[in-house]
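S.K.: quick check, what structure comes out for this input:
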Amino acid sequence: MHPILREIAKRKSFRTYLLSLAFGLVWLTGIFAQQSSPSFELDVLPLLTKHGCNSGACHGAVAGRGEFYLSLWGSDPKSDYRQIVDAYDSRRILYNSPHESLLIAKPSGRIAHEGQERFEPDSSTAETLARWIQAGTPYGEPAEMTEFLIFADPKDSLESSSKAMEYRLRSSAKSTRSANYFDVTQKTAWEIDPSSGMNWTDQNNPTIHLDRPGRHLLTARFAGQVRTLVLIAPYAKDPFQHLAQHPSNPGLKSSIPSSASQSQIDQHIGKMLEQANLPTAQGVDELAWLRRASLDLMGRIPTIEEIRDFEKLDPNDRKALSVDRMIQSESFQEYWTYKLARWLGFRPVANEPQATKAFEDYLRKRISERDSWRLIARELLVSTGDSHHIGQVNFARLAVDPRAHAELISRVFLGARLGCANCHNHPLDRWTQDDYHGLAAILSGIDRGRQVRHIGGGQVTNLRTKEPATPKLPGGEFLAIQSDTQTSAENIERLCQWILDDRDPKFARVLANRLWATMMGRGLIDPSDDLRETNPASHPELLDHLVRMLIDSDYQPAVVLKAIALSDVYSRGSFASQTMLIDQSFFATHIDKPLGPEVLYDAIEDAMGIAKQTRAIRWIDPTLPNESLDILGRCGRPMACQTPSLGGVQNTSLSVQLHWINGPLLNRAIESPEGFLRRELEQGSTNQRIIELGYLRILSKHPDPEDVRRWIEKVPSDPQLRRAWFEDWAWSLFSSPYFHSN
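M.R.: Purely as a prediction, here's the structure:
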């Protein structure tokens, strides 16, 4: 019962009764008025969105459909109103016979419609549209939503066969003209992904059921607002039970996570595991952890000397001491210079080797001196000067024009795919065309020649208005028109402050997520370059914790990397990917990561003990000629690289396989006189010593005694055959999935 009517029922005073009755009549009058005169933004447009009429596959496409153009998901209500009411002499509206209007007759199936039937002729949608037309198609109250909330209320029904969990969906909103929330459930466009095991029970009274355990995302739209809700269906039994004894997972068993977590990272992960009723994989042995941490922190496998030094350390302190040693190493500096270069999209600058070298030298210097990554970000954003001598200004020269520069900045520092808002408002995020072209307008006053400088007066066209775009912070305020160099510089400075504002830590959030992805195989937000409203973090509180660690340490990645490396979740074992049946976003197991081409290239020579002058990881220019790296899958187009947080993707093409079998990369290293294998054979080492040494050098682990015995039985006695056998044996270790992944 409405509060006013409830007041009438309980109060005794006649005066109070009259006052309450008066207020009740006002309220009822407002309800009837709303029913007789729907608002276009609050009532009509949300229904078109609900039934998909303005989706990208229908009239919301850039080219429209059937000469009927609507903005994508109702992002431009006034333009949509003109299209529906005024365009083509109002042919879509029949005021004398509302139900015969094309706006109703086509989507209801009464007239042939290429988009097929979207709602029933006698549905509430058809009635609302008819009432709006009958009322004279008033524009009515604008949406101006301040809040849009969505809820999923679990029902008390659990299917015994499928264990399906049911939820009743509802939504409410509040506008700038109302202090109260109003129910908009029936006007909300609910979007689910049936492939994820989420299906409709009832679409009229929106109810869904979850058919399988795991994390599920539900998206809702209303009046230009989009929200995402996370639902977690718990696992009914141990999903690792049938995997524990799988041949590809020797010795791994599932174990219930301890309630006494060792770190805040483990506490946050543990909360979600408990909610999902999910056990975890048992931790790997310490040498497997050492190999994992060495690859993730330094981009190389541990040397045999590092393995032996590690085993001499006190077991209680060896992990922490080893992480400190790695972070202080030159290899750490080289690897994270490489990582930063890949994230930035480093490439040769305008066929000017002096500029390219200056850019590379700048990155190396900043990383080697352990400077704040916030400082690095600031210098990349605002610096000007001679690009042949001031390396950081070459970041602006990676873009050919203001729009490309805007997309580069949004990808690197916001983790956002702002390019989607070029032609229309972003369908899955809050970015609008004004945001996209406004950011490009800020950057339009920059000359990207050798002398990077502010010139003022630059313009870009806003494709929505067909007028020069006004400089604007994405999702924020409009800035001054850049009529001179000073205004251009001030706008860039304002943009930099907005990106690096610790009160709303945009860059810190992107960086923290990428650091987690590098160590854990996937981001807390995945993909790590797609931070948006409809792609929420799997563990939002954990991400906030990592962001705070970055800010408190003045943006020193090593602090976050160390905390992750020493957590329990980082040391967990992994199961074979082909038998993985659980949602990886819970981090119940370790996620195997393929080694990037440069890391794999270095690992081969490191494992063989071959001295080299330069690590492949130092070749941060992806266009430098190297056949082996190209065949292994090196990304020569940094802007288009997949999995930017991991530095590469696994390449299993025929050319890679043939190169691995017959090419010089691996075979030359195995046969090298400098390699440990040739040295041990020439020194007359025993078969057992060579096998044990090979396991340590190539796989970073001690072989099982039974494995050693079986290998020894196969070694030929003839010296020439023995050498050939051991070369094949080494090739088999290098070719194992264990060597190719972390």
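
S.K.: from residue 685, how far off is the nearest residue to residue 583 once chain neighbours are set aside?
M.R.: Using C-beta to C-beta, 6 or more residues apart in numbering and skipping residues adjacent in sequence, the residue nearest residue 583 is residue 214, 3.9 Å away. Yep, even glycine has a C-beta here, placed from its N, CA and C like the rest. Distance check for residue 214 against residue 685: by C-beta to C-beta, to the nearest Å, it reads 51 Å.

S.K.: those two: who's more crowded?
M.R.: More neighbours surround residue 214 than the other of residue 214 and residue 685, with 22 against 16 (other C-beta atoms under 10 Å).

S.K.: isn't that one right up against residue 233?
M.R.: Yes: counting by C-beta atoms under 8 Å, residue 214 does reach residue 233; the two are 6.2 Å apart.

S.K.: domains of the chain?
M.R.: 1-35, 37-134, 145-233, 331-398, 400-500, 597-740 (automatic domain parsing).

S.K.: got those domains as a markdown table, with distance to residue 285 and mean pLDDT columns?
M.R.: Output for those, formatted as a markdown table (distance: least, C-beta to C-beta, whole Å; pLDDT from 0 to 100):
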| stretch | distance to residue 285 | mean pLDDT |
| --- | --- | --- |
| domain 1-35 | 64 | 42 |
| domain 37-134 | 50 | 86 |
| domain 145-233 | 29 | 83 |
| domain 331-398 | 23 | 96 |
| domain 400-500 | 35 | 87 |
| domain 597-740 | 7 | 85 |
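
S.K.: report how many residues lie close to the closest residue to residue 212 other than its chain neighbours.
M.R.: Spatially, and ignoring its direct neighbours in sequence, residue 212 is nearest to residue 197 (3.8 Å; C-beta to C-beta, 6+ apart). Residue 197: 17 surrounding residues under other C-beta under 10 Å.

S.K.: residue 205 now?
M.R.: 11.

S.K.: likewise residue 500?
M.R.: Counted with other C-beta under 10 Å, residue 500 comes out at 19.

S.K.: next: residue 545.
M.R.: Counted with other C-beta under 10 Å, residue 545 comes out at 18.

S.K.: with residue 552 instead?
M.R.: Neighbours around residue 552, by other C-beta under 10 Å: 11.

S.K.: what's it sitting at in phi/psi?
M.R.: Dihedral pair for residue 552: phi -70, psi -30, per degrees, to the nearest 10.

S.K.: state the pLDDT value of it.
M.R.: Per-residue pLDDT puts residue 552 at 97.

S.K.: and for the one 4 residues further on?
M.R.: Each residue has a pLDDT score; the one for residue 556 is 97.

S.K.: list the contacts for it?
M.R.: Neighbour list for residue 556: 370, 372, 373, 550 [criterion: C-beta atoms under 8 Å, 6 or more residues apart in numbering].

S.K.: got it, and residue 616?
M.R.: Applying C-beta under 8 Å, 6+ apart, the residues contacting residue 616 are 597, 598, 599, 601, 602, 626, 629.

S.K.: for those residues, which one is nearest residue 728?
M.R.: Distance to residue 728 across these (C-beta to C-beta) is lowest for residue 601, with 21.4 Å.

S.K.: and the closest one, what helix or strand is that in?
M.R.: Under the criterion of DSSP states H and E, residue 601 resides in helix 597-608.

S.K.: burial of residue 121, as a residue count?
M.R.: 15.

S.K.: tell me which other helices or strands the helix or strand just after the helix holding residue 601 touches.
M.R.: Reading on from helix 597-608 to the C-terminus, the next helix or strand found by DSSP H and E is helix 627-632. Counting contacts by 3 or more C-beta pairs under 8 Å, 6 or more residues apart in numbering; DSSP states H and E, helix 627-632 packs against helix 597-608, helix 654-662, helix 664-671.

S.K.: and for helix 627-632, what's in contact with it?
M.R.: With C-beta under 8 Å, 6+ apart as the criterion, helix 627-632 contacts 597-598, 600-601, 616, 619, 636, 651, 655-656, 659, 663-665.

S.K.: ok, residue 57 to residue 69 distance?
M.R.: 14 Å.

S.K.: try residue 500
M.R.: For residue 500 relative to residue 69 (C-beta to C-beta), the value is 39 Å.

S.K.: quick one, helices of the stretch 1-150 of the chain?
M.R.: Secondary structure of the stretch 1-150 of the chain by DSSP state H, counting those that start in this stretch: the helices cover 3-10, 14-36, 45-50, 77-81, 87-90, 102-105, 124-134.

S.K.: distance between the third one and the chain's centre?
M.R.: The chain centre lies 29 Å from the centre of helix 45-50; the measure is C-alpha atoms, centre = their mean, to the nearest Å.

S.K.: got the CA positions of it in CSV?
M.R.: Extracted in CSV, the C-alpha atoms of helix 45-50 (Å, rounded to 0.1, in the frame of the first residue of the first chain):
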residue,chain,number,x,y,z
LEU,A,45,12.0,5.0,-25.8
PRO,A,46,12.7,2.4,-23.1
LEU,A,47,10.2,0.0,-24.7
LEU,A,48,11.9,0.4,-28.1
THR,A,49,15.1,-0.5,-26.4
LYS,A,50,13.6,-3.4,-24.6
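
S.K.: follow-up on the earlier one: the helix holding residue 601 vs helix 664-671, what angle?
M.R.: 10 degrees (axes from the mean of the first three to the mean of the last three C-alpha atoms, to 10 degrees).

S.K.: quick check: buried residues in helix 597-608?
M.R.: Residues of helix 597-608 classed as buried by neighbour count (16 or more other C-beta atoms under 10 Å): 597, 598, 599, 600, 601, 602, 603, 604, 605, 606, 607, 608.

S.K.: excluding chain neighbours, what is closest to the fourth one?
M.R.: What sits nearest to residue 600 in space, not counting adjacent residues and going by C-beta to C-beta, 6+ apart, is residue 632, at 6.1 Å.

S.K.: kind regards, and thank you for your time.
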